[in-house]
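*Asks:* next comes the sequence, and after it the predicted model I'd like to discuss.
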Protein chains: 2
Amino acid sequence: MSVTGHTSADTPADQAAKGGKSVSIRDVAAAAGVSYQTVSRVINGNASVKEATRERVQEAIRALGFRPNAAARALANRDTRSLTVVTSNTTLYGYAATLQGVEEAARAAGFTVGISVLESEADEHVRATVNRAADSSSGLVVIAYDSAGVRALDCVPDGHPVSAAVEAPAGPLSNSLPRAWIDDAEAAAEATRYLLELGHPTVHYVALPSTTHASRRTAGWRAALEAAGAPVPEPVGAGWDAVAGYDAGRRLAQDPGVTAVLCGNDDLALGVLRAMYEAGRPVPGQVSVVGFDNAPQSAFYTPALTTVEMDFTDLGRACFALLHDVLAGTSTAAALPPVPRPRLVVRESADVHHPAPTP
Amino acid sequence: MSVTGHTSADTPADQAAKGGKSVSIRDVAAAAGVSYQTVSRVINGNASVKEATRERVQEAIRALGFRPNAAARALANRDTRSLTVVTSNTTLYGYAATLQGVEEAARAAGFTVGISVLESEADEHVRATVNRAADSSSGLVVIAYDSAGVRALDCVPDGHPVSAAVEAPAGPLSNSLPRAWIDDAEAAAEATRYLLELGHPTVHYVALPSTTHASRRTAGWRAALEAAGAPVPEPVGAGWDAVAGYDAGRRLAQDPGVTAVLCGNDDLALGVLRAMYEAGRPVPGQVSVVGFDNAPQSAFYTPALTTVEMDFTDLGRACFALLHDVLAGTSTAAALPPVPRPRLVVRESADVHHPAPTP
DNA sequence: CTGAAAGCGCTTACAG
DNA sequence: CTGAAAGCGCTTACAG
C-alpha cells in the first residue's frame, strides 16, 4: 500500500485565503443586489420570487460557487433529513444488502445516510455508539440481527425516531418499535419439506446465533419435521461465517446419520460443503446441503448451492419507509410495501437420499 | 417480509409534547443555577470550571436528559468532524472492507461517517452525489477503484478536503489529491512467477475493469511473463463479480492452451473455477487458478483458492489518516503508517502443470 | 414579490 | 472561575 500527500497549492491555509469565510447567503445577496432572505427563497424553490430576480440570484450563486451550509440549515429547520444505520457488521452479505437497501431508499428521498458500527456487544460501547448516532442524525435504523443490534435497539433514547430490521417480530424487544423482518418460517419449512421429499430421514440444522429464543426459521424447520413425523435433531449452533460453518460441518460429518443439512446462511453452508468434502462425504452424493440467503456467489459454488432467497435489500427499503413514516408522523403500518416472501432456489447441492450410500 | 407500526404512545405529537422544544443548554443552566456559557464549558471539558459547579451542571444534564444539538455545534464550530465515503458499491468485498477500515479509523477519531453511493457513472449523477456528500460533511473519502469513483474524484469541489483509495497512483487523475493504494504490481508478478515455476508455459489474465490504461497489477503480470520469456496473451477483460468470471472462464475453457489463469479478484476466480468445472477441465488438475484479495470465503472453496491477500481494511484506515491530515492542515506524506505488502496465499487451486493432461 | 426581525442551539473571545 | 455579547449561516413568520 502506498500513499501520497497533496500538493502544497491546496493547504487549508490557501483554502481559507481563497474562500475567506467561504461564500454565504449574504455574499450572494450582495452580488445579486437583493436581500439575503430572497436568496434563501430561491434556494428553497419558494414560488413567490419574480423570475427576473430568481435568475439574477441563480447567476450569482453560480458565479460565487455558493453552497448552502448544511449545519445552518439543519439548525434553522430543526431537521437534517438524515439517518444513521447502526449495525454490527458491514461485511456479511445480509447486513451489507440491508444497508444497501436503506441507503438506496434514503438517497431517493433526499436523506443523507450515516453508518455507525457496533464493535462489541458490551453495554457501554453499544450505548455510547447509539447515543452518538442519535445525536448526529434525525433518525436511526438499527440492524438487529444479532444481540449487539438488539441491545442497541434497547439503548435508543426514548422517543427518538427509529426503525429496525429484526430477525423475528417476537422476542426480547421490550418496546414495540416500528420494525420489519423477513417472514422466513414458511421458507424454512419449505426447504425442510423439500429435503424430506428427497427421501432424507431427517434434516439437521446449522443455526445462526439467534436473538430470540424461538427463531421463526428454526420454528419452521421444526414444524416441517414434526408434521412429517421425522425425528428432530438438536440444532447445531454456529456463528455467521464460513469458518463457523466448517466447524459445525466437521462435527456433523462424523455422524453417519446426517444426510441432509439446512444452514442458517450461505456462508455457513459453504463451510459445511467444505467440511463434508474433506471428510469424504460428497455433496450431494452422500449428503445434501441447503443454505439461506442466496448470496451472489452461491450459484457458482461446486456444487451450486440450493438455497432460500432472501431479499434483504427490500427489507432495507422497508426499514427506511418505516422510519420516514415516524419522522413524518404518519406511521401507518397499513400502507406498507408488498412483502416479498423468501423462495427456495433449487440448484445442485441437494439431491435424493441414497439409503445405502455408495462407498 | 413483515412490518409493524409503532405504538400510538410514541407519535411525534407525544414526543413534541414530552420534550417541548427539547432540552437545551439554557434549560440545563436554569436547572443548575448557572449561565448557559458555563454549561457549554462543562460539555466541552473546559478546565476552568470549579469542581462543585461542574458537578451540579452534570447532574442537571443527567436529570434533564440533555443532549447537545449537533447542528448547532457544527455551525458554531465551523466543523462537524464528519466524513462521507463516496463509493459505487458496498457489497463487493474490496469495497466493503475499505469502507470498514475508514469507518473504524474515523470512529476511533470521533468522526461521524456518512456513505453515499454512486448508482451510475453518468456525469450528472456523479456530480450531484458528490456535491451533496461534500455539503453534508467536513471531508470526503472516495473509493475510486472504478470509473464512477474516478469521475467522482474529478467532481470534488476545488479545495474541498478529500482523500481517495485508488487502484494505482498514476493514470487519469488530473490533480494530485491525497490518495492511497495497495502496491500490487509485485504481488501480481509473484503470483505469475509462482504459476510459471509450476511449469505452466504462460499465465492468462482475467482482468478487472481498470481505471487506468496501465494497471500496476497488469503490469506486474506482464513483466513477470516477459522476464521469463513466456508469451504474453491478451488479458481478458471482465467485470467485478462471479458472473463476469464465469463468462470469461467459459471463453478461456475452450482454448486448450490455457492451463493457468490469474484473476483480478476472488469472485472472478470463483466464476472461472465454475466455468472450468462445467467444461470438464478440472482445477487444479488441468488448469490452475489464482485469485486476488483473499476474501473470507476463498479458503472454503473447493478447491481452496490460492490467492493474493490484499489488506483493504488497512487501506481504508490509511485513507482516513490522509483525510484527517488535510483537515488538520498537517499533510505530511512522510509520517504515514507502514504499508503492508500484499502476499501470495498458497492453497489448492494451483498445481504443477501436466504437459499431457490426463483425459 | 421582497425586506427587516428574530431565532435555531451552541461556542468563542472579552470582561470581570 | 463565571457572565454578558456577538456571531456561526440559514429559515420562518411578519410587514409592506
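*Replies:* Done, it's in.
*Asks:* CA atoms for contacts and neighbours, from now on please.
*Replies:* Fine.
*Asks:* I'd like the distance from stretch A:23-42 to the chain centre, please.
*Replies:* Mean C-alpha position of stretch A:23-42 versus that of the full chain (C-alpha atoms, centre = their mean, to the nearest Å) differs by 42 Å.
*Asks:* touching DNA strand D at all, that stretch?
*Replies:* Yes - legend: contact between stretch A:23-42 and DNA strand D by C-alpha under 7 Å from any atom of the strand is shown at A:23-26, A:36-37, A:40-41.
*Asks:* which residues does that stretch contact?
*Replies:* A:49, A:54, A:56-61, A:64-68 (C-alpha atoms under 8 Å, 6 or more residues apart in numbering or on different chains).
*Asks:* wait, does it contact DNA strand C?
*Replies:* Yes - among the residues of stretch A:23-42, A:33-38 lie within reach of DNA strand C under C-alpha under 7 Å from any atom of the strand.
*Asks:* can you pick the most crowded of those?
*Replies:* With neighbours defined as other C-alpha atoms under 10 Å in any protein chain shown, the most crowded of the residues of stretch A:23-42 next to DNA strand C is residue A:38; it has 21 neighbours.
*Asks:* out of the contacts of stretch A:23-42, which end up buried?
*Replies:* Buried by 16 or more other C-alpha atoms under 10 Å in any protein chain shown: A:54, A:56-58, A:60-61, A:64, A:66-68, out of the contacts of stretch A:23-42.
*Asks:* ok, and which of the contacts of stretch A:23-42 reach DNA strand D?
*Replies:* When contact is defined as C-alpha under 7 Å from any atom of the strand, these meet DNA strand D at A:67-68.
*Asks:* redo the contacts of stretch A:23-42 as JSON lines? Include secondary structure.
*Replies:* Written out in JSON lines, the entries for the contacts of stretch A:23-42 read as follows (DSSP: H, G, I helix; E, B strand; the rest coil):
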{"residue": "A:49", "secondary structure": "coil"}
{"residue": "A:54", "secondary structure": "helix"}
{"residue": "A:56", "secondary structure": "helix"}
{"residue": "A:57", "secondary structure": "helix"}
{"residue": "A:58", "secondary structure": "helix"}
{"residue": "A:59", "secondary structure": "helix"}
{"residue": "A:60", "secondary structure": "helix"}
{"residue": "A:61", "secondary structure": "helix"}
{"residue": "A:64", "secondary structure": "helix"}
{"residue": "A:65", "secondary structure": "coil"}
{"residue": "A:66", "secondary structure": "coil"}
{"residue": "A:67", "secondary structure": "coil"}
{"residue": "A:68", "secondary structure": "coil"}
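*Asks:* what is the nearest of the contacts of stretch A:23-42 to residue B:326?
*Replies:* Nearest to residue B:326 among the contacts of stretch A:23-42, counting by C-alpha to C-alpha, is residue A:67 at 20.6 Å.
*Asks:* enumerate the residues of the stretch 51-200 of chain A near chain B.
*Replies:* Near chain B, the residues belonging to the stretch 51-200 of chain A are A:67-72, A:74-75, A:84, A:90-91, A:93, A:96-97, A:100, A:103, A:107, A:112-117, A:135-136, A:159, A:176-184 when assessed by C-alpha under 8 Å from any C-alpha of the partner chain.
*Asks:* give me the residue from the stretch 51-200 of chain A nearest DNA strand C.
*Replies:* With C-alpha to the nearest atom of the strand as the measure, the residue in the stretch 51-200 of chain A that lies nearest DNA strand C is residue A:76; the distance is 3.3 Å.
*Asks:* what's around that residue, how many residues?
*Replies:* Residues lying near residue A:76 (other C-alpha under 10 Å) number 12.
*Asks:* check which element follows the helix or strand hosting it along the chain.
*Replies:* Per DSSP states H and E, residue A:76 falls inside helix A:70-77. Downstream of helix A:70-77, the first helix or strand assigned by DSSP H and E is strand A:82-87.
*Asks:* partner strands of that following strand and their direction?
*Replies:* Strand A:82-87 has these partner strands in its sheet, going by DSSP bridges: strand A:112-117 (parallel), strand A:139-144 (parallel).
*Asks:* just name the most buried of these.
*Replies:* Greatest average neighbour count among these goes to strand A:139-144 (a mean of 28), per mean count of other C-alpha atoms under 10 Å in any protein chain shown.
*Asks:* tell me which helix or strand comes right after the helix or strand of chain A at the bottom of the mean pLDDT ranking.
*Replies:* For chain A, counting by mean pLDDT, DSSP states H and E, helix A:12-19 ranks last in confidence among helices and strands (a mean of 38). Next in sequence after helix A:12-19, counting helices and strands by DSSP H and E, comes helix A:25-32.
*Asks:* pull that next one out as CSV, backbone CA atoms only.
*Replies:* Below are the C-alpha coordinates for helix A:25-32, written out as CSV (Å, rounded to 0.1, in the frame of the first residue of the first chain):
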residue,chain,number,x,y,z
ILE,A,25,-26.1,33.7,1.5
ARG,A,26,-25.3,37.3,2.2
ASP,A,27,-22.4,37.4,-0.3
VAL,A,28,-24.8,36.1,-2.9
ALA,A,29,-27.4,38.7,-1.9
ALA,A,30,-24.8,41.4,-2.3
ALA,A,31,-23.7,40.2,-5.7
ALA,A,32,-27.3,39.9,-6.9
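*Asks:* pLDDT score for residue A:284?
*Replies:* Looking at residue A:284, its pLDDT is 97.
*Asks:* next, the contact list for it, please.
*Replies:* Residues near residue A:284 by C-alpha under 8 Å, 6+ apart: A:303, A:348-351.
*Asks:* so how do I select the buried members of these in ChimeraX?
*Replies:* Selection command for ChimeraX covering only the buried members of the contacts of residue A:284, criterion 16+ other C-alpha under 10 Å:
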select /A:303,348,349,350,351
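*Asks:* so which of the contacts of residue A:284 sit within strands?
*Replies:* Counted as lying in strands by DSSP state E, out of the contacts of residue A:284, is not a single one.
*Asks:* between the contacts of residue A:284, which sits nearest chain B?
*Replies:* For the contacts of residue A:284, the minimum distance to chain B (C-alpha to the nearest C-alpha) is 9.1 Å, reached by residue A:303.
*Asks:* which neighbouring elements make contact with the strand or helix carrying residue A:319?
*Replies:* Under the assignment given by DSSP H and E, the secondary-structure element containing residue A:319 is helix A:312-328. When contacts are defined as 3 or more C-alpha pairs under 8 Å, 6 or more residues apart in numbering or on different chains; DSSP states H and E, helix A:312-328 sits against helix A:93-108, strand A:139-144, strand A:162-166, strand A:179-181.
*Asks:* swap the cut-off to 6 Å and go again
*Replies:* The contact analysis (3 or more C-alpha pairs under 6 Å, 6 or more residues apart in numbering or on different chains; DSSP states H and E) places helix A:312-328 against helix A:93-108.
*Asks:* identify the residues contacting the residue most central in space within chain A.
*Replies:* Centroid-nearest residue in chain A, with C-alpha atoms, centre = their mean: residue A:98, separated by 2.3 Å. Neighbouring residues of residue A:98 by C-alpha atoms under 6 Å, 6 or more residues apart in numbering or on different chains: A:312-313, A:316.
*Asks:* sorry, back to before: need the buried ones among the contacts of stretch A:23-42 in JSON lines (columns: pLDDT and distance to residue B:264).
*Replies:* Below are the buried ones among the contacts of stretch A:23-42 laid out as JSON lines (pLDDT from 0 to 100; distance: C-alpha to C-alpha, whole Å):
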{"residue": "A:54", "pLDDT": "89", "distance to residue B:264": "51"}
{"residue": "A:56", "pLDDT": "90", "distance to residue B:264": "52"}
{"residue": "A:57", "pLDDT": "91", "distance to residue B:264": "50"}
{"residue": "A:58", "pLDDT": "90", "distance to residue B:264": "47"}
{"residue": "A:60", "pLDDT": "91", "distance to residue B:264": "48"}
{"residue": "A:61", "pLDDT": "92", "distance to residue B:264": "45"}
{"residue": "A:64", "pLDDT": "90", "distance to residue B:264": "44"}
{"residue": "A:66", "pLDDT": "91", "distance to residue B:264": "42"}
{"residue": "A:67", "pLDDT": "90", "distance to residue B:264": "40"}
{"residue": "A:68", "pLDDT": "90", "distance to residue B:264": "42"}
